[in-house]
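1. sequence? don't have it. structure:
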């Protein structure tokens, strides 16, 4: 199973990353939700492939995507 994850998951990760980037370019707040889901799949791949040097990137992206989601939601709320 580990070999399948290491071999095939990058294809899915690439597709999700491209889709997320398109959503962000369209100013969709859902881009960051897709990014968070993608980060969890990245973590799975990092562990399966023992690519430990990518852990800092993964942690940083979790925070960035969550921050952006919160920030974009606040901007979309109507002023009271």
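-> Okay, I see it. Given the structure is predicted, the values throughout are model-derived calculations rather than measurements.
2. Just give me the residue closest to the centre of this protein.
-> With the centre of the chain defined as its mean C-alpha position, the nearest residue by C-alpha atoms, centre = their mean is residue 35, 2.6 Å away.
3. Enumerate every residue touching that one.
-> Residues near residue 35 by C-beta atoms under 8 Å, 6 or more residues apart in numbering: 20, 24, 61, 65, 68. C-beta: built from backbone N, CA, C; applies to glycine.
4. Go again with 6 Å.
-> Residues near residue 35 by C-beta atoms under 6 Å, 6 or more residues apart in numbering: 20, 65.
5. Look up how far residue 17 lies from residue 65.
-> Counting by C-beta to C-beta, to the nearest Å, the gap from residue 65 to residue 17 is 12 Å.
6. for residue 32, same thing?
-> 13 Å.
7. wait, residue 23 sits on residue 31?
-> Yes. In terms of C-beta atoms under 6 Å, residue 23 counts as a neighbour of residue 31; the distance is 3.6 Å.
8. Looking only at neighbour counts, state which of the two leads.
-> Set side by side, residue 23 and residue 31 give different neighbour counts by other C-beta atoms under 10 Å, the larger being at residue 31 (21 against 17).
9. I'd say residue 6 and residue 46 touch.
-> No. Using C-beta under 6 Å, residue 6 is not in contact with residue 46; the gap is 10.2 Å.
10. on that earlier part again, more neighbours, residue 65 and residue 17?
-> Between residue 65 and residue 17, residue 65 has the larger neighbour count (other C-beta under 10 Å), namely 21 against 15.
11. quick one, what contacts that one?
-> For residue 65, the set of contacting residues under the criterion of C-beta under 6 Å, 6+ apart consists of 32, 35, 36.
12. Tabulate these (JSON lines), appending secondary structure and distance to residue 57.
-> What follows is these, written out as JSON lines (DSSP: H, G, I helix; E, B strand; the rest coil; distance: C-beta to C-beta, whole Å):
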{"residue": "32", "secondary structure": "helix", "distance to residue 57": "16"}
{"residue": "35", "secondary structure": "helix", "distance to residue 57": "12"}
{"residue": "36", "secondary structure": "helix", "distance to residue 57": "14"}
